[in-house]
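S.K.: model the following, please.
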Amino acid sequence: MRKRVVITGMGVSNSIARSRDEFQLSLREGRSGLKPISPDRFPTDANCYANKQACTLDQDLYESLKDEDETILSRLSMLVMQEALDDAGVDRTQVQSDRVAFCTATTIGGAYPFIRWTRRRLEGNLTPEDFELLFRCSTPTMISKLQRHFGFRGPISTISTACTSGTNSVGRAFDMIAHDRIDMALAGGVDVFTELTFSGFNSLQSLSKNICKPFDKKRDGLTLGDAAAYLVVESLDSALARGARIYAEVKGYSATNEAYHPTAPKPDGSTAYETMMHALRQGGVEVEAVEYINAHGTGTNANDSMEINGIRRLVGDRPVFISSTKSMIGHTLGAAGSVELIATVLGMHHDFIPPSCNTGEALLTDDDNIVLVRDKGLVRRFDTALSNSFGFGGCMASIVVQRFVA
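M.R.: Numbers count the residues shown, from 1 in each chain. Below is the predicted model:
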């Protein structure tokens, strides 16, 4: 029989919060993390950039982390992972078991040293230190640092599936626990965007020229953001044995690939529909039970239209609330799925639906059965939710969470 899987701890840091509790308050209030990109991070004075803003970590936090870790990712992950463990009441000795996994996700990983190496090479100024930095700041080295710091002895996974990475990280943990391969996992993702990332999305003409407006008729692109988000996921048996507080139950998860286009989704939303449907079926959850969907909602023309098509096919004429957390914290890439799952679970636990911000003229009319929650959190209990992630390369993932009932 498949094991029941629950969430017992969460940790997060992003442009609107340095902790789980601050994140909950920021979500309720609809705060924006958008700010000018500091020139200390990278220069944005080139005329080719569509925008010179992003949802960045506060600069003082960024600088303090960079003093200890050139990529920032290891140190930021350590802080957030520790918050999740503390929240779950799990100490270091408990994670040092072969029945505890570490599942992480990132898309850009150690891009900073690669940028520095490339620039120095073009200038003809490469030094032995630059080669050493490439290794010291690589993604495998980053994961090794985290493994040694916490002493993990169980399965370790690093997932990089574009914008679905964070969701797939938690999904992998869910699968291993449900099939009794492990008892517990620390799962999530981290990304701090770099000049390489910013320039890449700018070249694709995916960056908003102003502000990210998911599901707005005049939306013109996404905003990038920084984040780390990790969850303690464990079997119900493990949680009950520890007397742990349970935030929510993970009921189902699905990962698919539509193999349609390197960067564009299939316009009819059929694969998004299938992904959500598979996740619900795996968890034995009826479509009628879904009350809220935390949408991928990037604010790009293609993605938002596709997702609405998929959701409409899923729910038919039944009412459902939706919103996009990216309107507040930007697109956090490899962390997006895990930080948005935390937003969903915080809303469920504290009886409010996180909002979408910046929407002027919405794609959805006021009398539509798909209701976009706007500007401020909506005080409302909900018991079943989906969190969606749809990425480049056709990667698709959905995860279903429910209020825990013994």
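
S.K.: going forward, measure contacts and count neighbours with C-alpha atoms only.
M.R.: Fine.

S.K.: ok, Val170 to Phe102 distance?
M.R.: In this structure, Val170 and Phe102 are separated by 10 Å, where distance is defined by CA to CA, to the nearest Å.

S.K.: who has more neighbours, these two?
M.R.: Val170 (29 against 25; other CA atoms under 10 Å).

S.K.: any idea which element the more buried one lies in?
M.R.: With secondary structure defined by DSSP states H and E, Val170 is part of helix 165-178.

S.K.: shared neighbours of Val170 and Phe102, which are they?
M.R.: Ala187 (CA atoms under 8 Å, 6 or more residues apart in numbering).

S.K.: how many other residues sit next to the nearest residue to Thr298 once chain neighbours are set aside?
M.R.: What sits nearest to Thr298 in space, not counting adjacent residues and going by CA to CA, 6 or more residues apart in numbering, is Leu222, at 5.5 Å. Using other CA under 10 Å, the number of residues around Leu222 comes to 28.

S.K.: how close does Leu222 get to Ala272?
M.R.: The value you get for Leu222 to Ala272, if CA to CA is used, is 19 Å.

S.K.: what's the answer for Thr167, then?
M.R.: Relative to Ala272, Thr167 is positioned 14 Å away (CA to CA).

S.K.: these two: which is more packed in?
M.R.: Of the pair Thr167 and Ala272, Thr167 is the one with more neighbours under other CA under 10 Å, namely 35 against 32.

S.K.: is Ala302 located within a helix, as I assumed?
M.R.: Yes: in this structure, Ala302 lies within a helix as judged by DSSP: H, G, I helix; E, B strand; the rest coil.

S.K.: looking just at contacts, which helices and strands does the helix or strand harbouring Leu280 meet?
M.R.: Element membership for Leu280, per DSSP H and E: helix 270-282. In terms of contact count using 3 or more CA pairs under 8 Å, 6 or more residues apart in numbering; DSSP states H and E, helix 270-282 is assigned the packing partners strand 248-257, helix 301-315, strand 384-390, strand 395-402.

S.K.: got a list of contacts for the third one?
M.R.: Spelled out, that is strand 384-390. Strand 384-390 is contacted by residues 163-164, 167, 272, 276, 289-296, 336-337, 340-341, 344, 396-403 when judged by CA under 8 Å, 6+ apart.

S.K.: give me the buried subset of those.
M.R.: Of the members of those, the ones counted as buried by neighbours, 16 or more other CA atoms under 10 Å, are 163-164, 167, 272, 276, 289-296, 336-337, 340-341, 344, 396-403.

S.K.: about what we covered before: what mean pLDDT does the helix holding Val170 get?
M.R.: When pLDDT is averaged over helix 165-178, the result is 99.

S.K.: Asp98: neighbouring residues, count only.
M.R.: Using other CA under 10 Å, the number of residues around Asp98 comes to 14.

S.K.: from Ser238, how far off is it?
M.R.: Between Asp98 and Ser238 the computed distance is 14 Å (CA to CA).

S.K.: quick check: phi and psi at the residue lying farthest from the centre of the chain.
M.R.: In the chain, Gly124 marks the outermost C-alpha relative to the chain mean, sitting 38.2 Å out by CA atoms, centre = their mean. Comment: the main-chain dihedrals of Gly124 come out as phi 70, psi 30, following degrees, to the nearest 10.

S.K.: okay, it: pLDDT?
M.R.: Per-residue confidence at Gly124 stands at 87 (pLDDT).

S.K.: how far away is Asp130 from Ala88?
M.R.: Counting by CA to CA, the separation of Asp130 from Ala88 is 40 Å.

S.K.: what about Leu146, how many residues close to it?
M.R.: Considering only other CA under 10 Å, Leu146 is surrounded by 17 other residues.

S.K.: now Pro262
M.R.: When neighbours are counted by other CA under 10 Å, Pro262 registers 11.

S.K.: list the contacts of it.
M.R.: Applying CA under 8 Å, 6+ apart as the definition, the contact partners of Pro262 turn out to be 392-394.

S.K.: by neighbours, which of these wins?
M.R.: Of all these, the highest neighbour tally under other CA under 10 Å goes to Gly394, namely 23 neighbours.

S.K.: pretty sure that residue contacts Glu258?
M.R.: Yes: Gly394 is within contact range of Glu258, at 5.0 Å (criterion: CA atoms under 8 Å).
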